[in-house]
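> Got a sequence here, can you build the structure:
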Amino acid sequence: MSRLPACPQCSSEYTYEDGAMYVCPECAHEWPIEASGESPEERRVVRDAFGNVLSDGDSVTVIKDLKIKGSSSVVKVGTKVRNIRLVEGDHDIDCKIDGVGAIQLKSEFVKKA
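Predicted structure coming up:
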């Protein structure tokens, strides 16, 4: 029999699986099964062009003129981008730039502000 984790909220050892979730019968807390095995070392670390670690909500500055695909617009050097969101994929920053709109950027073209 496999050992199920204790409830993170009330530490009850009577948890059970329900589909893709663990459930605690004592406090009714539910949490996803895949998140229980995740450790901080397994998380992806996104770094800017100078090696600084980026996180959600940071402000960054563009370090190179970036042409916007399918448009004649350009994001100029020094453009400050506030409240970034990190996403999976080739372009790992999701943000909104004033005058341009929603856009995705690569972390290698920004520096932490």
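> Check what pLDDT His29 gets.
Note on His29: pLDDT of 91.
> And for it, the neighbour number?
For His29, the tally of surrounding residues (other CB atoms under 10 Å) stands at 15. Heads up, the C-betas are built off the backbone N, CA and C, glycines and all.
> My guess is it contacts Ala6. True?
No: with contact defined as CB atoms under 8 Å, His29 does not reach Ala6; the gap is 10.9 Å.
> All the helices of this protein, residue numbers only.
All helices of the chain, identified by DSSP state H, fall at 33-36.
> As a check, name the ranges of all strands in it.
Ranges of strands within the chain are 16-18, 21-23, 30-32, 46-47, 53-54, 60-62, 66-67, 74-75, 80-81, 85-86, 93-97, 101-105, 110-112, based on DSSP state E.
> list the helices and strands the first one packs on?
With contacts defined as 3 or more CB pairs under 8 Å, 6 or more residues apart in numbering; DSSP states H and E, strand 16-18 has these neighbours: strand 21-23.
> Mind listing the strands the strand it packs on pairs with, and their directions?
Strands flanking strand 21-23 in the sheet, each with its direction: strand 16-18 (antiparallel), strand 30-32 (antiparallel) (DSSP bridges).
> This completes my enquiry, with thanks.
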